[in-house]
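Peer 1: pasting a predicted model and its sequence here:
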Amino acid sequence: MADRTATQSRNGNGSIGQSVDLQARIGAGPIEDIEAPALASSDAVAALTRQLDRLTQEVDESRERGERLEAALGKSTRRLQQLIGERDRLASLLAGRDAESRRLNRELGALTTRSTPAARGSPALLAAARGMLERFRPARKAPAPTRPTRRQIETTEGAPEAGALVPWLRSGPPKAVLGVVVFGLSEAEIASVLDTVDRYCAEHDLAPLLLTDNDSFQLFRGRRVLFEFLPPPSERERLAPELDWRLFTLRRLALIRRKWQPVRVIAFGRTAAEVVQLWLDSPFEVTPVPAPLKGREEAGPDWSAVRQPEAMPT
């Protein structure tokens, strides 16, 4: 019993001593550890401060760059809106012109249909067609001359009219223009026509102007001849299937005549003769076309060397 009590007393005294030593070590240790990280914390704060300054500077630079980009974007946006407005205005104008052109085509087609029983070239048909055209272009004050005779053609054949394009010549006076219609002919047939036409023009001091639907441009340029090209029937459906090509041809021929003012027009081949006959009845012509096809009573040049001379000058 006494031994157990002594053992407990020794154990108790030892435990108390160990606890005191442990507390002393715990209390003395942190004092040494706190002083060492204090310096590390100040360095970290300084580093973070420098990093924050750099970030602040980068943010300011990014904000300035963003403002410049925003100004440039605003300017580009205004320009884009301006271009879109111009595009819309042009589209509206084009739609209006297209609608007007379609309406004119329909009116002319209706006029042609109503006047089918009338003879071609009748005064009533031409007056009605010209009356419709006068609503869309200024009136031309010109007398209604009769179809020119051979004597009138010969007196005016020597010089082109005022305002007409004149073929360029290195020497000599300007030459009047002879219109040569060769629609529907092949390249070889056109070459044969040119051989005869060149001789005729040399004798009468004229410059030939080819009206053709053949794209053999090298032939025309090689012989230094004037030419005006109209699309052939085989290409018209591909180019513009909805276009009234008969009306287009008449308008184009009227423009060509005002441009060159030929003193005479001749046709070679059946297709060319049909086009010239249609041209004679054109409502776009104020004065008669100098291409008499209906009468052959007057003598004309010999075109026998040319293949299919369906129409010749008289």
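Peer 2: Perfect, thanks for sending it. Please read all numbers here as calculations on a predicted model, not as lab measurements. Numbers count the residues shown, from 1 in each chain.
Peer 1: would you agree residue 276 is in contact with residue 181?
Peer 2: Yes - if you go by C-beta atoms under 8 Å, residue 276 and residue 181 touch, sitting 5.5 Å apart. Every residue, glycine included, has its C-beta placed from N, CA and C.
Peer 1: for stretch 270-281, buried residues please.
Peer 2: Residues of stretch 270-281 classed as buried: 271-277, 279-281 (neighbour count, 16 or more other C-beta atoms under 10 Å).
Peer 1: which sections of the stretch 101-250 of the chain are below the confidence cut-off?
Peer 2: The stretch 101-250 of the chain contains residues with pLDDT under 70 at 109-172.
Peer 1: helices of that one, start to end?
Peer 2: Applying DSSP state H, counting those that start in this stretch to the stretch 101-250 of the chain gives helices spanning 123-134, 150-156, 187-204, 217-222, 233-239, 245-260.
Peer 1: quick check: buried residues in the last one?
Peer 2: This means helix 245-260. The neighbour-count criterion (16+ other C-beta under 10 Å) identifies 245, 247, 249-250, 252-254, 256-257, 260 as the buried residues of helix 245-260.
Peer 1: I'd like to know which elements that helix is packed against.
Peer 2: Contacts defined by 3 or more C-beta pairs under 8 Å, 6 or more residues apart in numbering; DSSP states H and E place helix 245-260 against strand 176-181, strand 206-212, helix 270-280.
Peer 1: out of those, nearest to residue 100?
Peer 2: When those are compared by C-beta to C-beta, helix 270-280 sits nearest residue 100, at 23.7 Å.
Peer 1: how is the chain partitioned into domains?
Peer 2: Per the record, the chain has its domains at 1-97, 150-280, by automatic domain parsing.
Peer 1: out of these, deepest packed?
Peer 2: Highest mean neighbour count among the domains of the chain (mean count of other C-beta atoms under 10 Å): domain 150-280, with a mean of 17.
Peer 1: now residue 89: how far from residue 96?
Peer 2: Residue 89 sits 11 Å away from residue 96 when distances are taken as C-beta to C-beta, to the nearest Å.
Peer 1: redo the domains of the chain as CSV? Include distance to residue 291.
Peer 2: Shown next, in CSV, are those (distance: least, C-beta to C-beta, whole Å):
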stretch, distance to residue 291
domain 1-97, 32
domain 150-280, 4
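Peer 1: which among those domains is found nearest to residue 106?
Peer 2: For the domains of the chain, the distance to residue 106 is smallest for domain 150-280, at 9.0 Å, taking C-beta to C-beta.
Peer 1: follow-up on the earlier one: how about the helices and strands packed on helix 245-260, which one is nearest residue 84?
Peer 2: Between residue 84 and the helices and strands packed on helix 245-260, the tightest spacing by C-beta to C-beta is seen for strand 206-212, at 43.1 Å.
Peer 1: in its sheet, what does that closest one sit against?
Peer 2: As defined by DSSP bridges, the strand partners of strand 206-212 come to strand 176-181 (parallel), strand 226-229 (parallel).
Peer 1: as JSON lines, the ones you listed with distance to residue 216 would be great.
Peer 2: Formatted as JSON lines, the strands paired with strand 206-212 follow (distance: least, C-beta to C-beta, whole Å):
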{"stretch": "strand 176-181", "distance to residue 216": "14"}
{"stretch": "strand 226-229", "distance to residue 216": "10"}
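Peer 1: of the domains of the chain, which is nearest residue 104?
Peer 2: Among these, domain 150-280 sits nearest to residue 104 (C-beta to C-beta), with 8.1 Å.
Peer 1: check contacts around residue 191.
Peer 2: Contact partners of residue 191, counting by C-beta atoms under 8 Å, 6 or more residues apart in numbering, are residue 219.
Peer 1: give me the distance between it and residue 173.
Peer 2: The value you get for residue 191 to residue 173, if C-beta to C-beta is used, is 29 Å.
Peer 1: before we move on, what about residue 46?
Peer 2: Distance from residue 46 to residue 173, by C-beta to C-beta: 100 Å.
Peer 1: related to what we said a few turns ago, residue 61 is nearest to which of the strands paired with strand 206-212?
Peer 2: Closest approach to residue 61 among the strands paired with strand 206-212 (C-beta to C-beta): strand 226-229, 63.8 Å.
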